[in-house]
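Visitor: Got a predicted structure plus its sequence, pasted below:
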Amino acid sequence: LTSTFVLSQILGRRMLEAQHGRIVFTTSLLSFQGGINVPGYAAAKSGVAGLIRALSNEWAGRGVTVNGIAPGYIATDNTQALQDDPDRSRAILERIPAGRWGTAEDIAGAAVFLASDAARYVSGAILPVDGGWLGR
């Protein structure tokens, strides 16, 4: 959370001077839910969600949009233990309407959209990329 805040100050200053910019943070589904056995992670990602909204309120009128992507369960090294646990992995997959773990490539389109002029009127939003998890 600290590095996200500091980086946004450094980059945001230049974007505000130019009166144009797109900031896209990565947060997590745990910005919406508490999670299991990861209170520090959930708290940090919830803090990033608050930062997205706060900076959007301050900067959107000055040409800088601030948004976030909230990945669901993505197959990475960070989730390897969950993937390797047959019971936990099965429980996760049963809840995801898409029926699979996400990939890094699944996040790319959301990032491109939020960073583009197609999203010039989108600010303060957190876009779930979760295979439908939050819809359940």
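Guide: Thanks, I have the structure now.
Visitor: So which bits of stretch 125-135 are buried?
Guide: Residues of stretch 125-135 classed as buried: 126-131, 133 (neighbour count, 16 or more other CB atoms under 10 Å). For every residue, glycine as well, the C-beta is placed using N, CA and C.
Visitor: ok, now how distant is the residue lying closest to Gly63 once chain neighbours are set aside from Glu58?
Guide: With sequence-adjacent residues excluded and distances taken as CB to CB, 6 or more residues apart in numbering, Gly63 is closest to Gln19, at 3.9 Å. From Gln19 across to Glu58, the span is 14 Å (CB to CB, to the nearest Å).
Visitor: and these two? which has more neighbours close in?
Guide: Glu58 (13 against 9; other CB atoms under 10 Å).
Visitor: does the more buried one belong to a helix or a strand, and which?
Guide: Using DSSP states H and E, Glu58 falls within helix 39-59.
Visitor: following that helix, which helix or strand shows up next?
Guide: Sequence order places strand 64-71 as the next helix or strand after helix 39-59, per DSSP H and E.
Visitor: quick one, that following strand and helix 39-59 angle?
Guide: Orientation check (axes from the mean of the first three to the mean of the last three CA atoms, to 10 degrees): strand 64-71 against helix 39-59 gives 160 degrees.
Visitor: Many thanks, we can stop here.
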